[in-house]
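>>> Okay, sequence plus prediction incoming.
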Amino acid sequence: MGFFTDTSVCIGCKACEVACKEWNMIPEDGLDFTAMSLDNSGGLSADTWRHVAFIEQRKPIGVQETGVGRPEGAPDPVDLGMPSFELPGASAGEEERGEFRWLMSSDVCKHCTHAACLDVCPTGSLFRTEYGTVVVQEDICNGCGYCIPACPYGVIGKREDDGRVWKCTLCYDRLGEGQEPACAKACPTDSIQFGDLDELRERADERLRSLHDAGIESAQLYGRDPDDGVGGDGAFFLLLDEPEVYGLPPDPVVTTRDLPSMWRHAGVAAAALLAGITATFIGGRR
Ligand code: SF4
Ligand code: SF4
């Protein structure tokens with residue numbers, strides 16, 4: 001089971017962020033002015049398990065109505081004496097003002113098929129559920145923090161006041177009751193869809209095709225491919241631009257990928273060292 005987040009229909013209402021906080025009783029993490037458009041949480045953390053990113057771009061909005069042009073006959077803008085350099089829109093014609101779009105995307109833990117956070121957890125606090133998701137058991141986490149640098153997406157974080165790590169559980173408790181995760185339930189546009197991963201992939205492929213047919217060539221799926229560096233994400237996305245634009249790594253790799261070969265090399269080195277010491281010891285006794 002997993003998430004397909006279709007960012008092309010996200011309206012940035014943040015219902016998902018709020019529903020996640022409310023259901024999981026996640027503490028408030030600052031209602032700060034981040035200077036990042038309407039983004040007030042800045043990114044995923046121990047206290048933000050869904051994060052709605054707002055990206056402002058000087059690009060045509062595509063086939064949608066922009067809504068930023070003034071209707072015919074509308075009065076000219078009035079100077080209210082607020083601090084500003086010029087009247088709104090004075091330097092740009094209506095046409096240029098239409099060359100603006102907002103990308104909105106609700107990010108979340110990717111519930112990776114090969115999850116490095118799970119590989120490095122020494123206590124077994126992180127585990128793979130019967131739904132294929134990755135969950136932290138807060139009563140077992142000892143706060144060592146090994147999983148934090150292991151996550152290739154920078155998802156998991158430590159709550160400073162209790163020292164343990166926290167992240168999206170894909171509403172493990174709700175799944176057990178046959179309910180969908182709170183964010184998917186609350187999303188008014190179905191930007192967040194929950195379900196069987198194979199079905200979601202088919203739906204995503206179909207949606208991608210229709211966007212390409214509509215001329216939106218930049219649309220792409222992220223985390224959908226089971227052959228990528230993390231074996232595919234349990235939470236994947238339809239993006240309207242490159243992953244980097246959304247703050248996502250373009251080519252994520254499971255950070256524990258090289259561990260088996262490192263252990264092999266360490267084993268060979270240790271065996272060689274032991275053989276050397278033994279030879280020296282035997283040679284010294286002769
Ligand atoms: S995104 Fe990070 S925290 Fe989530 S399952 Fe993958 S490695 Fe673990
Ligand atoms: S609830 Fe849906 S539409 Fe609203 S911000 Fe979240 S993903 Fe976007």
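Alright, I've got the coordinates. Numbering: from 1, shown residues only. Ligands and ions are numbered 1, 2, ... in the order given.
>>> Which secondary structure state does residue 265 sit in?
Using DSSP: H, G, I helix; E, B strand; the rest coil, the secondary structure recorded for residue 265 is helix.
>>> quick one: it from ligand 1, how far?
Using Cβ to the nearest ligand atom, to the nearest Å, residue 265 is found at 24 Å from ligand 1. (C-beta placed from N, C-alpha, C; glycine too.)
>>> ok, the closest residue to residue 34 other than its chain neighbours - contacts?
Spatially, and ignoring its direct neighbours in sequence, residue 34 is nearest to residue 42 (5.1 Å; Cβ to Cβ, 6 or more residues apart in numbering). Contacts of residue 42 were listed using Cβ atoms under 8 Å, 6 or more residues apart in numbering, and they are 32, 34, 36, 48, 51.
>>> top of these by neighbour count?
If you count neighbours using other Cβ atoms under 10 Å, the busiest of these is residue 48, which has 24 neighbours.
>>> which ones are touching that one?
Contacts of residue 48 (Cβ under 8 Å, 6+ apart): 17, 26, 29, 41, 42.
>>> how does it look with 10 Å?
Residue 48 makes contact with 17, 20-21, 26, 29-30, 40-42, 107-108, 157, 166-168 under the criterion Cβ atoms under 10 Å, 6 or more residues apart in numbering.
>>> now swap in residue 162 and tell me
Residue 162 touches 27, 46, 138, 141, 143, counting by Cβ under 10 Å, 6+ apart.
>>> rerun that using 8 Å as the cut-off
Residue 162 neighbours (Cβ under 8 Å, 6+ apart): none.
>>> Dihedrals phi and psi, it?
The phi and psi torsions at residue 162 (degrees, to the nearest 10) take the values phi -120, psi -10.
>>> residues in this protein within reach of ligand 2, list them.
10-16, 52, 104, 106, 186-189, 191-192 (Cβ under 6 Å from any ligand atom).
>>> Restrict those residues to the buried ones and give me that as a PyMOL selection.
Listed next is the PyMOL selection for buried residues among the residues of the chain next to ligand 2, using 16 or more other Cβ atoms under 10 Å:
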select buried, resi 10+12+13+14+15+16+52+104+106+186+187+191+192
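>>> Mind checking which of the residues of the chain next to ligand 2 are in helices?
15, 16, 186 (DSSP state H).
>>> ok, these vs ligand 1, which is closest?
Closest approach to ligand 1 among those (Cβ to the nearest ligand atom): residue 16, at 16.7 Å.
>>> where exactly do the strands run in the stretch 51-200 of the chain?
With strands called from DSSP state E, counting those that start in this stretch, the stretch 51-200 of the chain shows them at 51-57, 101-107, 126-128, 134-136, 157-158, 165-166, 192-195.
>>> In the stretch 151-286 of the chain, where is pLDDT below threshold?
For the stretch 151-286 of the chain, applying pLDDT under 70 flags the ranges 258, 260-263, 285-286.
>>> Helices of that one, residue ranges please.
172-176, 182-186, 197-213, 259-285 (DSSP state H, counting those that start in this stretch).
>>> Good, wrapping up.
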